[in-house]
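J.: I would like to see how this sequence folds:
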Amino acid sequence: MSVFRSPQNPIIEPKDVKPSRSDFEVIGVFNAGVARFEDKVILLLRVAERPICAHPDMVLAGVYDVAQGDIVLKEFSKNEPENDFSDPRLIIRPTETYLTSISHLRLARSADGINFDIEDTPAIGPANDIESFGIEDPRISLIDGTYYVTYVAVCPSGVTSCLASTKDFKSFQRHGVIFCPENKDVVLFPESAFGGTRKYYALHRPVSPLFKRQDIWIAESPDLICWGNHRPLLAPDEDCWDQVKVGGSAVPFKIAQGWLEIYHGVGHDNRYCLGAVILDASQPWKVIARAEKPIFEPQDDYETSGFFGNVVFTCGLLYEQEKLKIYYGAADTVICYAELPVQDVFESLNLAGSA
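T.: Residues are numbered from 1 along each chain as shown. Predicted structure coming up:
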């Protein structure tokens, strides 16, 4: 697989992003939704911040408080045995869990796709109880002239998936929760009609704690708000690289053979890699082909080391000039850019044709 990584990688780092408030520091900028708008590449960045803590034996967590209309800080002692800090992303207590960072979505624009101007303030930030632990991992789908943004909302009640929309990337309308806990990796197909019927499809990833399943499902909707006819689509493959879990990543796009979906998978080695699958053009719940090996995997230092290492994770790409232009989060820390010829993906799928 001939992957080209930009020599300017990482193209966006935490130091490039202004904190949303003076007592916060940006520790990660990653997992960006991607779109083209007015001849520019738009990234909707996930910006992870944590409160600055001067006390070496304390950890602070930021939580959005609806009553105060702002993020408040909670303190946790490293010296209390009931506080578990073994996962750098979490503060685990006997009856509750908090996040060590809180995320919002920030806009960035670029004429060349590499050098980005990043806005100083959040485009979409926590605003209600469902988003009290932050909002994460946006995907952008252009449907009938409107850009729809799915994103993950985290709170003590669980992980939900929400929907927002915009026509200009200046103002966003929230549409609320569309998939209840525990569910994430929601990706909307950028089309509003299938088989001559007005209908929308989405990939989503419910979690089954009892059976320890993390599979990709597909659902349909008449209005993008109410979703039903849920059915399993793609499961981890014990004989391949993605034995533990799989989830939708980039927005699927149309090629001659159907819909090409770039998804993420995790193996027993806890490495996050990208895979590829072809779905039927008019019946996207049917899998046509699936690559047996990753099309993109952690390799360079900025992918193998960071806040959470051995991760390449995309929430969006551009399909242009027969290439996949992939914007991806590396090690849950930075944004990077890579290109992959679509013909290489076809070969990994054992498809001889072209787009």
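J.: neighbours around Val207, how many?
T.: 17 (other Cβ atoms under 10 Å). Every residue, glycine included, has its C-beta placed from N, CA and C.
J.: I meant to write Arg213 there.
T.: Arg213: 14 surrounding residues under other Cβ under 10 Å.
J.: cool, and Tyr151?
T.: Using other Cβ under 10 Å, Tyr151 has 27 other residues around it.
J.: you'd agree it is up against Cys162?
T.: Yes: in this structure, Tyr151 is within contact of Cys162 by Cβ atoms under 8 Å, at 5.7 Å.
J.: shaky segments in this protein?
T.: Scanning the chain for pLDDT under 70 picks out 351-355.
J.: For the nearest residue to Lys199 once chain neighbours are set aside, give me its contacts.
T.: Distances taken as Cβ to Cβ, 6 or more residues apart in numbering place Glu220 nearest to Lys199, at 5.6 Å, with adjacent residues excluded. Glu220 is in contact with 199-202, 227-229, counting by Cβ atoms under 8 Å, 6 or more residues apart in numbering.
J.: again, but for Val266
T.: Taking Cβ under 8 Å, 6+ apart, one finds 242, 244-246, 272-273 in contact with Val266.
J.: want to try TSV for those residues, with distance to Phe76 as columns?
T.: Output for the contacts of Val266, formatted as TSV (distance: Cβ to Cβ, whole Å):
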residue	distance to Phe76
Asp242	34
Val244	29
Lys245	28
Val246	33
Tyr272	27
Cys273	33
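J.: so which of those residues is the most crowded?
T.: Tyr272 (28 neighbours).
J.: Give the bridge partners for that one, please.
T.: Val266, Val311 (DSSP bridges).
J.: Could I get the full set of strands for the stretch 251-355 of the chain?
T.: Secondary structure of the stretch 251-355 of the chain (DSSP state E, counting those that start in this stretch): strands at 253-255, 258-266, 272-279, 287-290, 312-320, 323-330, 334-341.
J.: could those strands go into JSON lines alongside distance to Lys170?
T.: As requested, the strands of the stretch 251-355 of the chain are exported to JSON lines (distance: least, Cβ to Cβ, whole Å):
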{"stretch": "strand 253-255", "distance to Lys170": "26"}
{"stretch": "strand 258-266", "distance to Lys170": "29"}
{"stretch": "strand 272-279", "distance to Lys170": "31"}
{"stretch": "strand 287-290", "distance to Lys170": "39"}
{"stretch": "strand 312-320", "distance to Lys170": "19"}
{"stretch": "strand 323-330", "distance to Lys170": "21"}
{"stretch": "strand 334-341", "distance to Lys170": "22"}
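J.: Which one of the ones you listed lies nearest to Ser6?
T.: Closest to Ser6 of the strands of the stretch 251-355 of the chain is strand 334-341 (Cβ to Cβ; 4.3 Å).
J.: Measure how that closest one sits relative to strand 272-279, angle-wise.
T.: If you take axes from the mean of the first three to the mean of the last three Cα atoms, to 10 degrees, strand 334-341 sits at 40 degrees to strand 272-279.
J.: Could you check the angle strand 334-341 makes with strand 323-330?
T.: 150 degrees.
J.: Identify the residues contacting strand 334-341?
T.: Against strand 334-341 from outside (Cβ under 8 Å, 6+ apart): 1-6, 8-14, 28-30, 32, 43, 45, 113-114, 295-296, 302-303, 306, 312, 322-330.
J.: quick one: which of the strands of the stretch 251-355 of the chain is nearest Gly176?
T.: Checking the strands of the stretch 251-355 of the chain against Gly176 by Cβ to Cβ gives strand 312-320 as the closest, at 20.2 Å.
J.: In the closest one, which residues are buried?
T.: Residues of strand 312-320 classed as buried: 312-319 (neighbour count, 16 or more other Cβ atoms under 10 Å).
J.: Quick one: residues contacting Gly33.
T.: Residues in contact with Gly33 (Cβ under 8 Å, 6+ apart) are 43-44, 105, 138-140, 149, 315-316.
J.: element containing it?
T.: strand 24-37 (DSSP states H and E).
J.: my read: Val312 touches Phe296, true?
T.: Yes: using Cβ under 8 Å, Val312 is in contact with Phe296, at 5.8 Å.
J.: Tell me how far the closest residue to Ser348 other than its chain neighbours lies from Leu234.
T.: Excluding the flanking residues, the one nearest Ser348 by Cβ to Cβ, 6+ apart is Ala291, at 4.1 Å. Ala291 sits 12 Å away from Leu234, taking Cβ to Cβ, to the nearest Å as the criterion.
J.: cool, and Ile262?
T.: As judged by Cβ to Cβ, Ile262 and Leu234 stand 12 Å apart.
J.: what do you get for Leu99?
T.: In terms of Cβ to Cβ, Leu99 sits 28 Å off from Leu234.
J.: Please say which of these two ends up with more neighbours.
T.: Leu234 (23 against 19).
J.: Phi first, then psi, for that one.
T.: For Leu234, the backbone dihedrals are phi -140, psi 130 (criterion: degrees, to the nearest 10).
J.: Name the residues contacting each of Ala291 and Leu234.
T.: Shared contacts of Ala291 and Leu234, defined by Cβ under 8 Å, 6+ apart, comprise Val277.
J.: Let me know the helix or strand that the spatially most central residue of the chain is in.
T.: Nearest to the geometric centre of the chain sits Asp137, at 3.3 Å (Cα atoms, centre = their mean). Per DSSP H and E: Asp137 is located in strand 135-143.
J.: buried set for that strand?
T.: By 16+ other Cβ under 10 Å, the buried positions in strand 135-143 come out as 135-141.
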